[in-house]
Structure formats: C-alpha cells, structure tokens
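K.L.:
coords below, sequence missing:
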Ligand SMILES: Cc1ncc(COP(=O)(O)O)c(C=O)c1O
Ligand SMILES: N[C@@H](CCOP(=O)(O)O)C(=O)O
C-alpha cells in the first residue's frame, strides 16, 4: 500500500502525513492487489455478513483487506456503519423512466449520512498516528459524522461551519456529540482553504475528503451494493456532486471490483449537481480544461452549497474511465423528487434527491436508455434538513 500524489505521482508513503503534494495535488492510497486471492475474499465477505458486534460486522471493515489491510485492529473506531438498505421502488421506477431502479440508503448510517463510511477510516487512521485534535470544514454532515467518531475515539473535534445556508439540525447534532463549532462568515470552501493553510500550525488532523483515507472508507458503499446484488452491477450509478467525494470514491471502488474480477465491466456514472452550485457540470459540459469556481453557490440542497471543489481532477478522471456524464437539476426538480422519495417510505434530505431528479432528466433526454438499470445513492437522512417541507403538495 502506498500514498501517491494523484497529479505528479510522487510517492509520499514514508513521509509524515499531509494533504497536498508539493505540486498542489491531492493524495491517493494505492493498493497492491496482485497477491490477493479474489475467490477467497469473496467467500470471506459472504461469511462476515452473519457476524454481530465484531469489527467485521461493519459494512466498511468487512472489506478491511481492500481498504486498510495494514491498520492494527486496536485502532479501528467503528459504529458498525454501512449495512445500509438497497431498495427497489415501483413509484420511482415510473418516475425516473428506467427498467429498474435501486436506492442505496446511505442515510441509514449511524450519524444519518454517507460520511460515516469514510469517517470511520479517517478517524481510525488519525488514532494510529496518535492525533487528538480532529477537524473539518462542513455544511453539517461531515461535522456530525466527525463529531460522533471523535467522541467514540476519545478525541476532540473542531468544526468550521458557515454562518448561513446550513441546516441547524445538523449543527445541533454536531454540538450534541461534543464538538467545538467555529462559525465562519464564508462557505465550506473558505473553511477548507483555512484548514489547508493552517492545519500544521494548529496541530489538526483534517477529516474532509481531501484526506485520502476518507475516500478509502467511502468506496465500500459500492462494494456493499454490488455484494447485495450478487456482484451484478447496474448499468448506471447516480451520485450527487458537492465536494465530489461520492464521485471519487465510487470510481475507486468500481475500479477495485473490476480489477479483482468481482464485476465483469465498469458501469457508467452520472454526477448530479444542483443548478446554483454546478461548477463541475459546467466544466464538463463546456469542455473546459479547469474548474472555474462558483463564488456564491446557492441551492436549497444546503449540503451541496459548495463552489470550489478540491477533488475535481480525481472526479474528472473517474468520469472518463467510466464514460460517465454530469447533469444539473433545479431546486424545484430536487424538491419534486424528494417528495416522491419521502412518500415512497424511504425518505432523504434534499441533496440526496438530486440523484433521482438527475436520473429522470437523463432518461428524458435519452442519455440513459429506458431499458437500462440504475442505482441512485441517497446520501442523507430525512430528519437532517427540513428546508423544503412546507412546500409539499397534498
Ligand atoms: C447529504 C449530502 N449529499 C450530497 C453531498 C455531496 O456529496 P459529495 O460532497 O460527495 O459530492 C453532501 C456533502 O458532501 C451531503 O452531505
Ligand atoms: N456536504 C459536506 C461537504 C463536506 O465535504 P467533504 O467531502 O470535504 O467532507 C458536509 O457535510 O460538510
């Protein structure tokens, strides 16, 4: 296992842990799967499904051999995260227009969002380095997840949260777990820049998705979904696009499954952004060579109020590898999809509903064929963000 710069490929495995290479690139964990016996792993992963209250009962640590094989078990900080539901829904099938649609409810994680899959690994890594002060910039879900795992690990969490345009439910949840909250006048993007520049001086271990261990944990989402479907992968996987950790970790997980022979082809990926916060979609659609940050991101899906996405290069590489696409949806389209997801009994927060809205739009424009199958990732719990409730039709 190595830690390599995604841009210039410099090897940082033997250096002290940091977030950016001298060239400005982010890091990536690179595994050597040559010696891995895929058949043996497949059997082991199936056996672990019946375990209870052991580390391997976690939907992340069940796959430890593919995520962080070298980590001594004593450092693992787990709340048996993952193990989230995969639902087929007839009403959403009709709404999105594809032959079959599954919803992967990452909202069922212990802190109520997909972040837990990555945070359990980042916090376990931090403990292995003896770090006590853990930090993040957040619109509320990363902070809730970090605060929960930091409390479990006996560490202190420091979270930088925008003063405006965040769900106060998430901030209260973060506070309740005992984190220290620093409200900032800017956005998530300002918080990330601050941490990038000051983490060393402040002695902070940063748990945002610029941390490659977050990505290693989050890739387990697609391992778990593929295992539930007996390793038959749908034609399309649809993820929301904010800071792009879903997109990047999905690409990495798919690549692992393909290289190990667990799946026989790579599915196509669609990244859905909210129209008011869609710099990545605009870059891909306009064929621009670099990301032009959105200085004032604005969407009712407050979790995606992000304009300067640190991981855009990794996400761009994932899209070309999977022959994927991007799309943007309006707040109205997000809310219409959310109402249907909620009324189907599954439920989610607005940012998650962007996936279903995006799938509907891509099917209507025939980019996705009605005869294809799709899996939409629902990222956050229905109780996380009430911004949209009052607008429901009856
Ligand atoms: C509930 C929810 N959905 C979607 C997103 C966007 O996902 P990503 O940042 O991985 O692109 C976020 C924030 O990151 C979120 O909290
Ligand atoms: N919606 C996110 C934004 C943070 O993204 P991250 O991938 O850097 O953790 C949040 O919940 O804060």
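P.N.:
Nice, I can see it. Given the structure is predicted, the values throughout are model-derived calculations rather than measurements. Ligands and ions are numbered 1, 2, ... in the order given.

K.L.:
C-alpha from now on. contacts and neighbour counts both.
P.N.:
Fine.

K.L.:
now the stretch 251-394 of the chain against ligand 1: closest residue?
P.N.:
Using CA to the nearest ligand atom, the single residue of the stretch 251-394 of the chain nearest to ligand 1 is residue 380, 4.0 Å away.

K.L.:
show me what that residue is bridged to.
P.N.:
Here residue 380 sits in beta bridges with residue 113, going by DSSP bridges.

K.L.:
quick check: buried residues in stretch 200-214?
P.N.:
Residues of stretch 200-214 classed as buried: 204, 205, 206, 207, 208, 209, 210, 211, 212, 213, 214 (neighbour count, 16 or more other CA atoms under 10 Å).

K.L.:
ok, it near ligand 1 or not?
P.N.:
No - using CA under 6 Å from any ligand atom, stretch 200-214 stays clear of ligand 1, coming no nearer than 7.9 Å.

K.L.:
which elements pack onto the host helix or strand of residue 64?
P.N.:
Element membership of residue 64, judged by DSSP states H and E, is helix 64-67. The helices and strands touching helix 64-67, judged by 3 or more CA pairs under 8 Å, 6 or more residues apart in numbering; DSSP states H and E, number zero.

K.L.:
residues touching residue 166, list them.
P.N.:
Listed by CA atoms under 8 Å, 6 or more residues apart in numbering, the contact set of residue 166 reads 139, 140, 302, 303.

K.L.:
ok, and of these, which contact ligand 2?
P.N.:
Applying CA under 6 Å from any ligand atom to the contacts of residue 166, one finds that 139, 140, 303 fall near ligand 2.

K.L.:
in this structure the second one contacts residue 175, no?
P.N.:
By that I understand residue 140. No - using CA atoms under 8 Å as the test, residue 140 is too far from residue 175 to be in contact (10.5 Å).

K.L.:
neighbour count: these two, which is higher?
P.N.:
Each of residue 140 and residue 175 has its neighbours counted (other CA atoms under 10 Å); residue 140 has more, 27 against 18.

K.L.:
dump the residue contacts of residue 189.
P.N.:
By CA under 8 Å, 6+ apart, the residues touching residue 189 are 137, 306, 307, 308, 309.

K.L.:
average pLDDT for the helix or strand following the helix holding residue 64?
P.N.:
As assigned by DSSP H and E, the chain's next helix or strand after helix 64-67 is strand 86-88. When pLDDT is averaged along strand 86-88, the result is 97.

K.L.:
cool, stretch 179-193 as well?
P.N.:
97.

K.L.:
stretch 317-336 now?
P.N.:
97.

K.L.:
straight-line length of that stretch, end to end?
P.N.:
31 Å (CA to CA, to the nearest Å).

K.L.:
what does that stretch contact?
P.N.:
Contacts of stretch 317-336 (CA under 8 Å, 6+ apart): 247-248, 251-252, 266-276, 278, 280-281, 284-285, 299-301, 350-351, 353-354, 356-358, 361-362, 388.

K.L.:
how about the residue lying closest to residue 314 once chain neighbours are set aside, secondary structure?
P.N.:
Setting aside the residues directly before and after it, residue 314 is nearest to residue 248 in space (CA to CA, 6 or more residues apart in numbering), at 6.1 Å. Following DSSP: H, G, I helix; E, B strand; the rest coil, residue 248 is assigned to helix.

K.L.:
do residue 102 as well
P.N.:
On the basis of three-state DSSP, residue 102 is classed as strand.

K.L.:
surely it meets residue 376?
P.N.:
Yes - Residue 102 is in contact with residue 376 according to CA under 8 Å; the separation is 6.3 Å.

K.L.:
of the two, which one has the most company?
P.N.:
Set residue 102 next to residue 376 and count neighbours by other CA under 10 Å: residue 376 wins out with 26 against 21.

K.L.:
could you verify that the more buried one is part of a helix?
P.N.:
No - secondary structure of residue 376 (three-state DSSP): strand, not part of a helix.

K.L.:
bridging residues for it?
P.N.:
residue 103, residue 238.

K.L.:
can you pull the contacts of it?
P.N.:
101, 102, 103, 104, 237, 238, 239, 355, 356.

K.L.:
would you agree the first one is in contact with residue 372?
P.N.:
No - between residue 101 and residue 372 there is no contact, the gap being 9.1 Å when judged by CA under 8 Å.

K.L.:
in the stretch 201-350 of the chain, which spans are strands?
P.N.:
Using DSSP state E, counting those that start in this stretch, the strands found in the stretch 201-350 of the chain span residues 205-206, 236-240, 268-274, 325-329.
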